[in-house]
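Q: missing the sequence, but the structure's below:
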């Protein structure tokens, strides 16, 4: 009797194994998936790298095993750097503004890096806002807003100072940050990365001159807090502006 039960069990397991083999041969179980949120500029980079017959999952999986992806005649850096965060204060429209931003860790290599600065938060008065909320435009289109572009370029000077102890022009004025001659001089004299100069500085400044602002972005920028503050600041007299700046410096 015991032998009969044992035989029946063996036959059952053999049949079950056969059933599983057939299932795996004809219809593999779907893999588990997770949804992730990415910034618009990250999505656009992935979309450029993606071939017609690939999924975004294919692109990401491939990048995890490599530091550089090539598309056409361009090398797009992916997952090459760790990210760092930094914070600094500046004056905006007569008020103290705090800026928290992220950038690539250059690991002290002057001639081979890109910073890829992204402003994460803006602190103004009692408010904490994302850069897109404050300026009315996202990171990809920062060149549409002069105020955003200036803060972005200031962030680059902070990153360069932290990474290489290199300072931009002393007591730089607002327009100095848009002066490509000063940037080129800085990068040339200190032997800094050509890739960084092109992608971090030259391209955003060029786009601010060449790419027209769309009506949609123009409305968004005009309704932003940054634009409201700038408009109120520009209505003040020169003496009033000097007094507000003096009060900020005294509090610091």
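A: Great, that's in hand. Predicted, not measured: the structure shown is a model, and the values here were computed from it.
Q: Show me the strands in the chain, by range?
A: Using DSSP state E, the strands assigned to the chain run over residues 68-71, 74-77, 83-92, 95-104, 118-124, 127-129.
Q: what residue ranges in the protein score low on pLDDT?
A: Low-confidence regions of the chain, defined by pLDDT under 70, span residues 1-34, 52-53, 61-81, 238, 240-241, 244-252.
Q: before we move on, the earlier item: tell me which of the strands of the chain lies nearest to residue 192.
A: Judged by Cβ to Cβ, the one of the strands of the chain that comes nearest to residue 192 is strand 95-104, at 13.4 Å. Glycine gets a C-beta too; all of them are placed from N, C-alpha and C.
Q: what sits up against that closest one?
A: Applying Cβ atoms under 8 Å, 6 or more residues apart in numbering, the set of residues contacting strand 95-104 from outside is 80-91, 113-125, 151, 154-155, 158-159, 229, 244, 248, 251-252.
Q: What of stretch 149-158?
A: Residues from elsewhere that reach stretch 149-158, judged by Cβ under 8 Å, 6+ apart: 86, 88, 90, 92, 97, 99, 101, 103, 115, 117, 119, 122, 131, 142-143, 167-168, 172, 174, 177-178, 200-201, 204-205, 208.
Q: which residues of the stretch 1-150 of the chain fall in helices?
A: Listed in chain order, the helices found in the stretch 1-150 of the chain under DSSP state H, counting those that start in this stretch are 2-26, 40-49, 56-63, 131-135, 146-164.
Q: what number of residues lie near residue 108?
A: Here the count is done by other Cβ atoms under 10 Å, and residue 108 has 8 residues near it.
Q: All further residue positions should be reported with the first residue as 49.
A: Okay, residue one is now 49; in that scheme the one you just asked about reads as residue 156.
Q: Does it touch residue 213 like I think?
A: No - proximity of residue 156 to residue 213 does not meet the contact threshold set by Cβ atoms under 8 Å, at 10.4 Å.
Q: Pull out the buried residues from stretch 247-256.
A: Within stretch 247-256, the residues scored as buried using 16 or more other Cβ atoms under 10 Å are 248, 249, 250, 252, 253, 256.
Q: re the thing from before, output the strands of the chain in a markdown table; the columns should cover distance to residue 243 and mean neighbour count.
A: Compiled in a markdown table, those are given as follows (distance: least, Cβ to Cβ, whole Å; neighbours: other Cβ atoms under 10 Å):
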| stretch | distance to residue 243 | mean neighbour count |
| --- | --- | --- |
| strand 116-119 | 12 | 13 |
| strand 122-125 | 8 | 12 |
| strand 131-140 | 17 | 14 |
| strand 143-152 | 11 | 19 |
| strand 166-172 | 17 | 18 |
| strand 175-177 | 31 | 13 |
